[in-house]
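K.L.:
Quick check, what structure comes out for this input:
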Amino acid sequence: MQSDNVITSTIEERIEDKGDPATQSIYAYWQSLKGTRLAPTWSSWEWMEIPLSAIPYCGVVDVIRTAGNLDFIYRFWGTAQVKAHQQELTGKSLKNMRPRSLSDQVFTQYSICYDRQTPCLFTTTIENERLDQTIRKYSLRLPFTGDANNANTADHAITQLFAYSFIDADEQITRRVLLNEGRW
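P.N.:
The predicted model follows:
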């Protein structure tokens with residue numbers, strides 16, 4: 001079924017310029033874990049160190065890199081994400097996300113963060129033409145390296161990406177836009 005949703009723009013912003021307290025808190029915690037290294041190890045992450053209210057809006061993917069192929073498999077998909085998108089992706093590839101346009105857009109963001117090996121903040125504008133509604137989704141993407149104690153990963157390799165994504169609209173409008181009132 002055709003979606004009425006259109007991603008009209010995705011722009012990258014400076015993380016330091018985003019005034020959202022949870023975004024700033026998560027980013028500051030990531031920086032404290034990173035120190036002078038490329039990125040912190042995933043094993044150093046402690047969920048209780050970020051605002052508890054942010055956890056349902058988070059996701060964590062394992063980076064799967066094989067000969068010429070890149071994929072992202074969700075190891076964690078927060079309950080607010082499940083509710084907003086009406087799909088559970090824990091243990092599944094990002095390529096399973098629907099609609100395809102959103103999957104492609106998120107894949108691009110993860111790829112940029114992975115390739116650069118630096119934190120990124122994206123603002124995506126999503127319009128639902130049929131409902132004449134627009135929402136903005138903010139997504140902080142943070143890279144993590146392999147655990148230095150794990151012989152299967154190089155210390156410098158990005159092995160996980162963390163995401164904190166929230167939508168600047170009330171829950172009812174968000175659901176209507178994302179779900180097309182049941183049409184996704």
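K.L.:
any idea how far Ser103 is from the closest residue to Ala54 other than its chain neighbours?
P.N.:
Using C-beta to C-beta, 6 or more residues apart in numbering and skipping residues adjacent in sequence, the residue nearest Ala54 is Ala22, 4.3 Å away. For glycine as for every other residue, the C-beta is placed from the backbone atoms N, C-alpha and C. The spacing between Ala22 and Ser103, counted by C-beta to C-beta, to the nearest Å, is 24 Å.
K.L.:
OK, contacts around Thr10?
P.N.:
Counting by C-beta atoms under 8 Å, 6 or more residues apart in numbering, Thr10 touches Gln105, Thr108, Gln109, Phe122, Thr123, Thr124, Thr125.
K.L.:
In terms of helices and strands, where is it?
P.N.:
Element membership for Thr10 (DSSP states H and E) is strand 5-13.
K.L.:
Ala22 and Ser103: which is more packed in?
P.N.:
When Ala22 and Ser103 are compared for neighbours, Ala22 comes out ahead with 19 against 16, by other C-beta atoms under 10 Å.
K.L.:
May I see the buried residues of the strand or helix carrying the more buried one?
P.N.:
Assigned by DSSP H and E, Ala22 belongs to helix 21-34. Across helix 21-34, burial judged by 16 or more other C-beta atoms under 10 Å covers Ala22, Thr23, Ile26, Tyr27, Tyr29, Trp30, Leu33, Lys34.
K.L.:
Could you dump those into JSON lines with distance to Trp45 and pLDDT added?
P.N.:
Shown next, in JSON lines, are the buried residues of helix 21-34 (distance: C-beta to C-beta, whole Å; pLDDT from 0 to 100):
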{"residue": "Ala22", "distance to Trp45": "16", "pLDDT": "94"}
{"residue": "Thr23", "distance to Trp45": "16", "pLDDT": "94"}
{"residue": "Ile26", "distance to Trp45": "10", "pLDDT": "97"}
{"residue": "Tyr27", "distance to Trp45": "13", "pLDDT": "97"}
{"residue": "Tyr29", "distance to Trp45": "9", "pLDDT": "98"}
{"residue": "Trp30", "distance to Trp45": "9", "pLDDT": "98"}
{"residue": "Leu33", "distance to Trp45": "7", "pLDDT": "97"}
{"residue": "Lys34", "distance to Trp45": "11", "pLDDT": "95"}
